Structure formats: structure tokens, C-alpha cells
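Peer 1: have a look at this fold, sequence not included:
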Ligand SMILES: Nc1ncnc2c1ncn2[C@@H]1O[C@H](COP(=O)(O)OP(=O)(O)OP(=O)(O)O)[C@@H](O)[C@H]1O
Ligand SMILES: [Mg+2]
């Protein structure tokens, strides 16, 4: 495996706000690598630095062998980008977007038609080639942006919250396309999300909060870190103390439920039932989710922040996008 | 070569988006018609130029100013649209493409100038309504002047917009920069009819030179009958009354210099913006 992204000690400050605070990681070729974190964690800022849109305050980032600060043009030619906010013109057709993109990225005219066919097929938009983007649904727009990002055969495709605001079915479809791209053309995908369930689709994820990486691993390994399965028991109030004493675990009370973690949940259930005859009203085993991982790493659930001016403009854009424009 | 193609791409995008925006095109034809109608039938009957020379009426005087106005407003809007484009449009993607930022600014400026020039062409077709005679040469010169003026104004729009985060801020610019630029351009009232302190301001308003050029070109093919059997060229009447102040060459030189400065400022400002 070869390394396509190497980031070391990346810092970005805006005034006295540190948006990215000493981030280091590497991404292998052909990987789907995810940045998972709440609003304002520094995900987009990291992507902007890697795509040469922002200069880091300190630290280095090497992409496809090029330094993002010193060789921005080479880096740009090596990446495809799908921004968090839509970057399409409603009054242009799908094909026009792709042709303009090809002109900017020096895609030779001789291969252009074929390439356009290829990328549109990949994202299932081949039959909408000549349609104005105005007539596209949110999911189709996203897919067109992905197709466009791939047109010049980049080494790395950046997807900044690619499925935000889309319905679950469309989200699943986009994920299927992304995995196919990786399998068929071996492109490395760097994506951000704050949907926990979505992060499961990544080969590896970095959990980021307040500009710092809290953990990097495969989703399965991250969940293993949390210490096995969650057992949820209901029954008499004395159970909280008795369970803790008996198994040497920390038992949390959540409503009228008692939660605790054990290595192998399924085998544990008969034991609990046998050890506390007549005292258990119900018992269930839950696999830990990335939500639980996040909770454990940061001490809180993924939060929402108040809308900034950009968010307001964004909402406006979405509204306008949905309708007239 | 690659840069030239990038500029062409940005220009082509601007043009295609424009021709597909039907409401904008309707507005583009409607707005000048409206102005000409209001000025032609309303204001010009109630308002007259102080010491107007024979053969000159307010509508004729104002006609080149209306072209200047349409160029100013359309161009500044084109320049400002870079705020929106950069955040939510095709341009956002262009910013990570392997093309220099200044090329993007230049493409945008040329696109804006093209759109304004189309609007000027529509206004030129309306010249007879104002009693102005046209020839192919006059139209061609009007369009070239519109293009030049528009490049200057679009550049100004881009230069300011490149540093701006939201469209709201742009409203301020409209009120405190664009409106004064227009009122001080000599398009609405002649320079010499203003008080001395205002005349000084008018002379530093670049649009004054654009309007002066548009006026002498617009008038150049028209003769008016002062008395039965006594006809005089409109351009001479205007010049001797001080309504045209400089030679065309001077006007064009000033506008070209201003365009160069503002376009450079736009390219630099847009390249630096993060
Ligand atoms: N240009 C800027 N100037 C000042 N502060 C900024 C700027 N860009 C981002 N920030 C701040 O940096 C922090 C990180 O922002 P960033 O956009 O990277 O977050 P994110 O993880 O992408 O969040 P989201 O999920 O909302 O997209 C935020 O507090 C944000 O307000
Ligand atoms: Mg973001």
C-alpha cells in the first residue's frame, strides 16, 4: 500500500480561534477515509487546507507527493472536490458542467466524450446528460458533483459532508456509488460527516473534536475499544448496586434501565438471568455504536451550534435551489 | 494557453447562464424602456436644462446617460455576483482547479462586460425614441465604449466583492458608491450646472468620462433643425454649450487607464482573498 496523504502537526488559527489544532494522520491509496466530528470541529477547514484553499498556520500536508503550500497547482490537478455547499449552476446542463470542468483541468478533447459518458454512467446520470441542473433532485446534484470531481482522474476525491440534507435512500445510493468508484478506479476518498451511521462505511475514521483528533481506526476497532457490548437490564432498584458488586463493572442508570459493558454480551445474558433469579424484568444486548464511541471519547454527544452568517446564506441557497433557480 | 482557455471558460459560463435567465433578459429590455418612457414623457416635459441651447432637449441630453446608467448597474451587479458564485456556484469549484485566480477574475470581468454590452445594444436600438439618429459606425462605437466602461465597473465590483462575505454588505456599496457615481457622472445634469465643489467630485468620477464619450458618439450622426432651413449637428450644439467637454481620445484614454487600474486591483484582490 502506498501513502497518498500525509499530514503532520497541522494547525489553523482564525484570530484567536484554533480551528485545527495539531492534526496528524496518513491515508493510504484506495482507502475510504472519514473525518467524523460535530459542527465546528474543523473538518471543512482541514479539507480546505488539503485542497490549497487555505494556508495552514503551521504544520505540513503532502498530497500525492506534493506539498500543499509549495506546489498548489500540482496538488489541485491531483484532487477532485465536492464541497459541503452545492457548487453547481442551475442554468447549466450536466454536460456543460463537465465540459467546463474538463477545460479547466486540461482533459484532452479527444477523450472528453468518452470520459463524460464514463463518469455519468458511474453515478447513474447517463440519461440526464443534457438536462439543466435546475431539474435535478438533491441526490442527483450530489452525484453530478461527484462525477465532475472524478472527470480528470484525480488521485484523491474529497467529499465534504456529501450526504447532508438527503433522504436515507439517496444517502445509501451515494454510498454505493462511492464504494464502486473505489473498487473500479481505485480512487482514494477523503470524506467528512457528522452522521455516525454513515461513518461506518469508511475503511478508517478519524474522530475529530475541537480541532483535535481523538482517535483513528477502523469503525470495528473503535467500537471494540469501548469494551465490548452493552447490556441493558430492567428490574428492581437494588440491581444497580448488586450488578456492580457481582461483576465488578460500572453500572449506569438511564431512566429505569441499568447499563453496563461486558466483553461478550450474548453469552453473558444467561449468566445474569441465572445469578439474579426473579429480579430481572427484561434484558437486552446492544452492540456499541460510533455514537457510544464518540460519547466515551469526548464526554458528550454530537452537538449543534447556532447558525453563523454563512449558515444563513446556506439555508437561503438551499431554499432558492429547491425552487426558482 | 491554458490560462487563455480558463478565461474563456469562465466567460462562456457567464454568458450561458445569462442567456438562460429569461427574467433577467426581460428586465434588461424592460428597464431601459421604462426609463426612456418616464424621462421621455414625464420628466423631460417638466424639467428643462438651464440655458439649454436650441435643438437640445432633456431627453436627448439624458439618453447617453441612460446607457451609462444601465452599464453601471448591470456591471456592478455582475461583479458582485462573484460573492454568490464563490459560495454556492460553479465558481466555487473553479477555485480549486489548477488555474490562477487572476484568470478567474479576468474571465468574470469579460463576462460582465459582455452582458452589459448586450444591454447597451438594446438601448441603442431605442435611440430613435429619443430623437437620436444612428449609423452602423455610431452603434459600433457605442458598444465598444459600453464594453470599456463596463470592464472598469465590473472590475470595481469584483475588487470590492472579493473582500466581502455577504450580499448585505453589497447593499451598502450600492447606496454609498454606485448611486453617487451615477449622479456625479453628468448623465443626469451637466457638470457645469453643478456648484463648484460638486464639479470637482464630478471630475474625479471616472464615469463622467464614459458618459462624455457616450454622449459625443451618440450625438455624432444627428442633426437638428433650429429654424426652417437652418440645421446644425447636435454634437456641435452640445460641445459649444459645454455638454461635451473633452475630445473622444481623452475620454477613451482616461477610461482605458481606469479600467487597467481597476482590473488589476480586481485580479489582485481576488487572488488574495481566502
Ligand atoms: N474563515 C473563517 N474565519 C473564522 N473562523 C472560521 C473560518 N472558517 C471556519 N472558522 C471556524 O473554525 C471552526 C471550524 O470550522 P469548520 O468549518 O472546519 O468546521 P466543520 O467541522 O466543517 O463543521 P460543520 O460540520 O459545521 O461543517 C468553526 O468554529 C468555525 O466557526
Ligand atoms: Mg464543514
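Peer 2: Yes, it's here. Keep in mind that this is a model prediction, so the values were computed, not measured. Ligands and ions are numbered 1, 2, ... in the order given.
Peer 1: helix, strand, or coil at the closest residue to ligand 1 within the stretch 51-200 of chain B?
Peer 2: Residue nearest to ligand 1 within the stretch 51-200 of chain B: residue B:165 (8.7 Å; CB to the nearest ligand atom). Every residue, glycine included, has its C-beta placed from N, CA and C. Three-state call for residue B:165 (DSSP: H, G, I helix; E, B strand; the rest coil): coil.
Peer 1: run through the residues that contact residue A:128.
Peer 2: A:94, A:120, A:136, A:140 (CB atoms under 8 Å, 6 or more residues apart in numbering or on different chains).
Peer 1: could I get the phi/psi values of it?
Peer 2: The phi and psi torsions at residue A:128 (degrees, to the nearest 10) take the values phi -110, psi 20.
Peer 1: what is the end-to-end distance of stretch A:272-282?
Peer 2: By CA to CA, to the nearest Å, the extent of stretch A:272-282 from end to end equals 11 Å.
Peer 1: and the residue of the stretch 51-200 of chain B closest to ligand 1, how far is that from residue A:39?
Peer 2: Distance, residue B:165 to residue A:39, using CB to CB, to the nearest Å: 19 Å.
Peer 1: and for residue B:216?
Peer 2: Distance from residue B:216 to residue A:39, by CB to CB: 59 Å.
Peer 1: how about residue A:126?
Peer 2: Following CB to CB, the distance that separates residue A:126 from residue A:39 is 36 Å.
Peer 1: residue A:206: what secondary structure?
Peer 2: Under three-state DSSP, residue A:206 comes out as strand.
Peer 1: next up, the contacts around it.
Peer 2: Here residue A:206 is in contact with A:25, A:33, A:34, A:35, A:36, A:213, A:215, A:216 (CB under 8 Å, 6+ apart).
Peer 1: quick one on the thing from earlier: inside helices: which ones of the contacts of residue A:128?
Peer 2: Under the assignment DSSP state H, the contacts of residue A:128 contribute A:94, A:120, A:140 to helices.
Peer 1: dump the residue contacts of the first one.
Peer 2: In this case it means residue A:94. Contacts of residue A:94 by CB under 8 Å, 6+ apart are A:120, A:125, A:128, A:129, A:130, A:131, A:133, A:136, A:144.
Peer 1: now do it, the pLDDT please.
Peer 2: Among the per-residue scores, residue A:94 shows a pLDDT of 96.
Peer 1: how near is residue A:43 to residue B:165?
Peer 2: Residue A:43 sits 20 Å away from residue B:165, going by CB to CB.
Peer 1: neighbour count winner among these two?
Peer 2: Legend: neighbour count by other CB atoms under 10 Å in any protein chain shown for residue A:43 and residue B:165, higher for residue A:43 (26 against 13).
Peer 1: so the more buried one sits against residue A:199, correct?
Peer 2: No. Using CB atoms under 8 Å, residue A:43 is not in contact with residue A:199, being 11.6 Å away.
Peer 1: which residues of the stretch 51-200 of chain B fall in helices?
Peer 2: Taking DSSP state H, counting those that start in this stretch, the helices of the stretch 51-200 of chain B run over residues B:58-88, B:90-94, B:101-125, B:136-161, B:167-173, B:179-183, B:196-204.
Peer 1: which secondary structure element contains the residue of the stretch 1-150 of chain A found nearest ligand 2?
Peer 2: For the stretch 1-150 of chain A, the residue closest to ligand 2 is residue A:44, as judged by CB to the ion, at 3.0 Å. Following DSSP states H and E, one finds residue A:44 within helix A:43-50.
Peer 1: which of the residues in that helix are buried?
Peer 2: Neighbour-count burial for helix A:43-50, counted by 16 or more other CB atoms under 10 Å in any protein chain shown, picks out A:43, A:44, A:45, A:46, A:47, A:48, A:49, A:50.
Peer 1: again, but for stretch A:211-227
Peer 2: In terms of neighbour count (16+ other CB under 10 Å), stretch A:211-227 has its buried residues at A:211, A:212, A:213, A:214, A:215, A:216, A:219, A:222, A:223, A:226.
Peer 1: contacts only, for the first one.
Peer 2: Translated: residue A:211. Contacts of residue A:211 (CB under 8 Å, 6+ apart): A:12, A:18, A:19, A:20, A:21, A:22, A:23, A:41, A:42, A:45.
Peer 1: of those, which are in range of ligand 1?
Peer 2: Among those, the ones lying near ligand 1 by CB under 6 Å from any ligand atom are A:19, A:41, A:42, A:45.
Peer 1: for the stretch 1-150 of chain A, what lies in contact range of chain B?
Peer 2: A:51-55, A:73-74, A:76-77, A:79, A:81, A:83, A:85-89, A:91-92, A:96-97, A:100-101, A:103-106, A:132, A:148 (CB under 8 Å from any CB of the partner chain).
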